[in-house]
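A.B. asks: Turn this into a model:
(4 chains)
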There are 2 protein chains.
Amino acid sequence: MDSDRKISPAVINRLPRYYRYLGDLLESDITRISSKELSAKMNITASQIRQDLNNFGGFGQQGYGYNVEYLYNEIKKILGLDRLYNMIVVGGGNLGQALVNYTNFEKRGFVIKAIFDTNPRLIGMTIRGVEVYDTDQMENYVKNNPVDVAILTLPRSQAVKVANNLAKWGVKGMWNFSHVDLQVPDDVLVENVHLTDSLMTLLYKINEMYYSGDEDMHESNLKNGLPVKPLDQDEE
Amino acid sequence: MDSDRKISPAVINRLPRYYRYLGDLLESDITRISSKELSAKMNITASQIRQDLNNFGGFGQQGYGYNVEYLYNEIKKILGLDRLYNMIVVGGGNLGQALVNYTNFEKRGFVIKAIFDTNPRLIGMTIRGVEVYDTDQMENYVKNNPVDVAILTLPRSQAVKVANNLAKWGVKGMWNFSHVDLQVPDDVLVENVHLTDSLMTLLYKINEMYYSGDEDMHESNLKNGLPVKPLDQDEE
DNA sequence: GCACTCCTGTTATTTTATTGTCAACAATAA
DNA sequence: TTATTGTTGACAATAAAATAACAGGAGTGC
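C.D. replies: Numbering: from 1, shown residues only, chains lettered A, B, ... in the order given. Model prediction:
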């Protein structure tokens, strides 16, 4: 494993997908697979699969292909999934609770240790065995307990300040669901999940496919049962 | 708006982000902005901003820059956000409920009309005024009501079948949160949100930064308070 | 109104990512 | 054994994306 070379982000983003497919194969008791076969399943070129994997080492064997279980475990190691991670949820709203309730996280080694919120009605409650604390206690908690990842599901107005504090107090990474791009020190890693952005790109594609070249789209719009109404700006 | 030319996916994915920043500027009563200024705010090169925007038309003016409100509204139109969209949620679990409860969707014109689930305890319930129906009724509903987007928050085992049916019945696009890559006809658009994948890439980066070059990572692991425990495969 | 600066739209260049090709070698069959 | 097939890993070729360069129109100050 050549840890000097810088792996391109495009490759890293594909790794979890390989991991998922290999897990599926493992469950189906398939013991070996060639890049060609995997290519057909995943809709990626075989060439790219081989090149992606070779960034981390030669896991395959000529004339044989890849051993599914071995490759699966190697990718698991590469992604760091052979360890436990301590996480906290900041913002105990709907999304925060949904993530806490997602049982598979625990199975994968993502352990949510605490939830922080400012809402008095939530504080003291327990969600799937995880207690909700007042945000006031967060500094104390983070400074005295190892926190690998903070899951941010709070309103954008508070997100920046909270993220900066968490960074200062030693949280390694942030999984950010709030509607704002965080600016934190370079040694704190941020992964943004902008759900609305993702939905918007879907809508763009729908529009492109169903209404493209239609300069005044209102008519076709009505035909499709979509009433036209001006919408104004909203605040998260 | 040159609707012939094919816009690259990279550009489309950036559009919502531009839209977000322009909305912020609008709220701050900033009326004009140059690509250079926006570049500083967004951490993108000015060159890329100009090139991105020019895919859709010349919205700026030499010596002046871009009019914030005008550009905001143009991007709104490009993304198709000047219309209403009818949506349904398939899978009324935690995540599905969280999305229904996300009030901003409605403000943006994303109207969730119905929720479908197989769980008898949920059927008949109302979440933020949206009723939960038995999945049996979905075919009838979709065939008789325009559905632009189906939000899929169901277990992977059911996702593929449901998605194929929805495609057949005329749903235009799917916003897929289930842990599987959907294979649907070409005229049905799918936007996948693989939350776990996104978390895994964050973990990769955390590992790279904190444990890189450390072939036997177990020791440094313990130093950081992360107990090492072998984890096995799980099923969604 | 004129000189000067700003800033776009566009073209050129560089960088990054993907795909295609092939020699080398393993597995399998003859 | 020996031939044949399958398949990797390396690298070359191509494509896509990002960045830089720049000509020239529009604003600004005098």
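A.B. asks: contacting residues around the residue sitting nearest the centre point of chain A?
C.D. replies: For chain A, A:Val193 is the residue whose C-alpha lies nearest the centre (Cα atoms, centre = their mean; 6.5 Å). A:Val193 is in contact with A:175-177, B:193, B:195, B:198, counting by Cβ atoms under 8 Å, 6 or more residues apart in numbering or on different chains. Yep, even glycine has a C-beta here, placed from its N, CA and C like the rest.
A.B. asks: How about A:Ile88: what's its closest non-neighbour residue?
C.D. replies: Residue nearest to A:Ile88 in three dimensions, not counting chain neighbours: A:Ala114, with 4.9 Å by Cβ to Cβ, 6 or more residues apart in numbering or on different chains.
A.B. asks: Please, which helix or strand holds that neighbour?
C.D. replies: Under the criterion of DSSP states H and E, A:Ala114 resides in strand A:110-117.
A.B. asks: next one: A:Asn86
C.D. replies: With DSSP H and E as criterion, A:Asn86 is part of strand A:85-90.
A.B. asks: Name the strands paired with that strand and say parallel or antiparallel.
C.D. replies: strand A:110-117 (parallel), strand A:149-152 (parallel) (DSSP bridges).
A.B. asks: Pull the distance from that strand to the chain's centre.
C.D. replies: Strand A:85-90 has its C-alpha centroid displaced from the chain centroid by 14 Å (Cα atoms, centre = their mean, to the nearest Å).
A.B. asks: which residues sit against it?
C.D. replies: Contacts of strand A:85-90 (Cβ under 8 Å, 6+ apart): A:96, A:99-100, A:109-117, A:130, A:135, A:138, A:141-142, A:145-154, A:162, A:166, A:171, B:203, B:225-226.
A.B. asks: give me that answer again for 6 Å
C.D. replies: A:96, A:100, A:110-116, A:146-152, A:154, A:162 (Cβ atoms under 6 Å, 6 or more residues apart in numbering or on different chains).
A.B. asks: Equivalent analysis for stretch A:55-73, please.
C.D. replies: A:1, A:7, A:11, A:22, A:25-26, A:30-34, A:53, A:74, A:78.
A.B. asks: What's the mean pLDDT across that stretch?
C.D. replies: Stretch A:55-73 carries an average pLDDT of 90.
A.B. asks: Okay, now that stretch: how far is its last residue from its first?
C.D. replies: With Cα to Cα, to the nearest Å applied, stretch A:55-73 spans 16 Å between its terminal residues.
A.B. asks: Show me which of the contacts of strand A:85-90 are buried.
C.D. replies: A:96, A:100, A:110, A:112-116, A:147-152, A:154, A:162 (16 or more other Cβ atoms under 10 Å in any protein chain shown).
A.B. asks: Sort out which one of the residues you listed lies nearest DNA strand C for me.
C.D. replies: A:Val149 (23.8 Å; Cβ to the nearest atom of the strand).
A.B. asks: ok, that closest one - contacts?
C.D. replies: With Cβ under 6 Å, 6+ apart, A:Val149 has these contacts: A:85, A:87, A:173, A:175.
A.B. asks: try 8 Å this time
C.D. replies: By Cβ under 8 Å, 6+ apart, the neighbours of A:Val149 are A:85-88, A:110, A:171-175, B:199, B:202-203, B:206.
A.B. asks: now, which of those residues sits nearest DNA strand C?
C.D. replies: When those are ranked by distance to DNA strand C (Cβ to the nearest atom of the strand), B:Leu202 comes first, at 17.3 Å.
A.B. asks: picking up where we left off before, among the contacts of A:Val193, which are located in strands?
C.D. replies: A:175-176 (DSSP state E).
A.B. asks: Would you write a ChimeraX line that selects the buried entries of the contacts of A:Val193?
C.D. replies: A single ChimeraX command selects the buried members of the contacts of A:Val193 (16+ other Cβ under 10 Å):
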select /A:175,176,177 /B:193,195
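A.B. asks: State the pair within the contacts of A:Val193 that is farthest apart.
C.D. replies: A:Asn176 and B:Val193 (14.4 Å; Cβ to Cβ).
A.B. asks: Is chain B within reach of the helix or strand encompassing A:Val100?
C.D. replies: Assigned by DSSP H and E, A:Val100 falls within helix A:94-101. Yes. Helix A:94-101 comes into contact with chain B (Cβ under 8 Å from any Cβ of the partner chain), by way of A:94-95, A:97-98, A:101.
A.B. asks: Run the angle between the strand holding A:Ala114 and helix A:94-101 for me.
C.D. replies: 150 degrees (axes from the mean of the first three to the mean of the last three Cα atoms, to 10 degrees).
A.B. asks: what's the offset of strand A:110-117 from the middle of its chain?
C.D. replies: Worked out by Cα atoms, centre = their mean, strand A:110-117 lies 16 Å from the chain centre.
A.B. asks: Pull the number of nearby residues for A:Gln137.
C.D. replies: Using other Cβ atoms under 10 Å in any protein chain shown, A:Gln137 has 12 other residues around it.
A.B. asks: residues from chain A in reach of DNA strand C?
C.D. replies: A:8-11, A:44-45, A:47-48, A:51, A:61-64 (Cβ under 7 Å from any atom of the strand).
A.B. asks: can you tell me which of these are in strands?
C.D. replies: Per DSSP E, the subset of the residues of chain A next to DNA strand C in strands is A:Gln61.
A.B. asks: Can you pick out the most distant pair from the residues of chain A next to DNA strand C?
C.D. replies: A:Pro9 and A:Gly63 (32.6 Å).
A.B. asks: just to revisit the earlier point, out of the contacts of A:Val149, who's the most crowded?
C.D. replies: Going by other Cβ under 10 Å, A:Gly173 tops the contacts of A:Val149 with 27 neighbours.
A.B. asks: where in chain A is pLDDT low?
C.D. replies: A:1-5, A:212-236 (pLDDT under 70).
A.B. asks: Looking at it, which helix is longest?
C.D. replies: helix A:9-27 (DSSP state H).
A.B. asks: pull the CA atoms of it into CSV?
C.D. replies: Below are the C-alpha coordinates for helix A:9-27, written out as CSV (Å, rounded to 0.1, in the frame of the first residue of the first chain):
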residue,chain,number,x,y,z
PRO,A,9,-11.0,12.3,-4.9
ALA,A,10,-12.9,10.6,-7.8
VAL,A,11,-11.4,7.3,-6.8
ILE,A,12,-12.1,7.8,-3.1
ASN,A,13,-15.7,8.6,-3.8
ARG,A,14,-16.1,5.3,-5.7
LEU,A,15,-14.6,3.1,-3.0
PRO,A,16,-17.8,2.8,-0.9
ARG,A,17,-19.6,1.7,-4.0
TYR,A,18,-17.1,-1.1,-4.6
TYR,A,19,-17.4,-2.0,-1.0
ARG,A,20,-21.2,-2.2,-1.3
TYR,A,21,-21.1,-4.4,-4.4
LEU,A,22,-18.5,-6.7,-3.0
GLY,A,23,-20.6,-7.1,0.2
ASP,A,24,-23.5,-8.1,-2.0
LEU,A,25,-21.3,-10.6,-3.8
LEU,A,26,-20.1,-12.0,-0.6
GLU,A,27,-23.7,-12.5,0.6
